[in-house]
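[1] here's my sequence, what's the structure:
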Amino acid sequence: MNSNILKIRQALDLDNKILLTKHRIWQFYYKNYGNVYISFSGGKDSTVLLDLVRQDFPNVPAVFVDTGLEFPEIREFVKTIPNVIWLKPEMRFDKVLEKYGYPIVSKEVSQMIYEVKNSKSQKNINIRLYGNEKGKIGKIPEKWKFLLNTDFKISQKCCDIMKKRPFNKFKKMNGDCGIFVGTMTTDSRLRKMSYLRTGCNNFNKGSSKPLSFWSEEDIWNYIKKYNIAYSKIYDLGYKNTGCMFCMYGVHLEKRPNRFDIMKTTHPKQYKYCMKNLGIENILNVVLKRNNNVDLF
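    The predicted structure is shown next:
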């Protein structure tokens, strides 16, 4: 898909975005003969997606992965939603950190660091260190190469183990049903590239991302316009409500960042992640390198 098409869709007003999203939902639903479900995190994006899907298909189930890393407010909100299937991962987060490493900077950087430290292919290692034949593509940014020499493990594995694996297992147990996901291209470069390759509906992989061309502003405008109930965690100052202890992107946040806010709103969880999980030491390394002198 041409990136200009994405820009045109992103520039649509909310009503037209709703129409296009509903069209994509209908396409995906009937292509899968109604054997679909909604990936529901309890966050604002998946809450809007849930509302849009169930307006026309009220019996579509939502699936929530209870990783143990969700804010209490998220879990309580999910309990208020009907027809939600709860899943659990097979490995605890602390065990994932111990075996594979910490999720820091971004999923891309964490994966590249992990591959250099664990790959048996010198060719792959060289690509991560120096780039491929086309230039710097696939190369660890110079700014983060120092992470190769840290004494703690780094990886992108947590999301795969804690969330994707339970979902994949559920899909297989239910005849490879299709999944609606509430992600947007503004979330990350990877999600934008994925949309440009397949559009909203990737029928080959059985996934639909019908909010891809929406923005965070669109999400909130929809919630306000249609008076949609949402988790009150957002009223405490949080902009994103993924896993409580995820460090992706925290180096880009102005203070107070998500962990500063957690220290006030959820002191028990803050103490656990900083001390018991060792996140305080990790953040100090990352933030100091990012010229952020106000450390934890």
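[2] only alpha carbons, please: show the helix or strand hosting Lys271 as CSV.
    Assigned by DSSP states H and E, Lys271 belongs to helix 267-271. Provided in CSV are the C-alpha atoms of helix 267-271 (Å, rounded to 0.1, in the frame of the first residue of the first chain):
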residue,chain,number,x,y,z
PRO,A,267,3.2,2.4,45.7
LYS,A,268,3.1,-1.4,46.4
GLN,A,269,3.5,-2.3,42.7
TYR,A,270,6.1,0.4,42.3
LYS,A,271,8.2,-1.1,45.1
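[3] buried residues of the helix or strand following it, list them for me.
    Following helix 267-271 in sequence order, the next helix or strand is helix 279-289 (DSSP H and E). Across helix 279-289, burial judged by 16 or more other Cβ atoms under 10 Å covers 279, 281-283, 285-287. Placement of C-beta: from N, CA and C, glycine included.
[4] can I get those residues in TSV with distance to Val48 and pLDDT?
    As requested, the buried residues of helix 279-289 are exported to TSV (distance: Cβ to Cβ, whole Å; pLDDT from 0 to 100):
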residue	distance to Val48	pLDDT
Ile279	30	94
Asn281	37	92
Ile282	33	92
Leu283	31	91
Val285	36	89
Val286	32	87
Leu287	32	83
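[5] out of the residues you listed, who's nearest Met1?
    Nearest to Met1 out of the buried residues of helix 279-289 is Val286 (Cβ to Cβ; 34.3 Å).
[6] for Ile279, see how far away the closest one is.
    According to Cβ to Cβ, to the nearest Å, Val286 stands 10 Å off from Ile279.
[7] joint contacts of those two?
    Common neighbours of Val286 and Ile279, counting by Cβ atoms under 8 Å, 6 or more residues apart in numbering, are Met247.
[8] what sits against the closest residue to Ile81 other than its chain neighbours?
    Once flanking residues are discounted, Ile81 sits nearest to Ala62: 6.4 Å by Cβ to Cβ, 6 or more residues apart in numbering. By Cβ under 8 Å, 6+ apart, the residues touching Ala62 are 37-40, 50, 81, 83-85.
[9] good, we can wrap up now.
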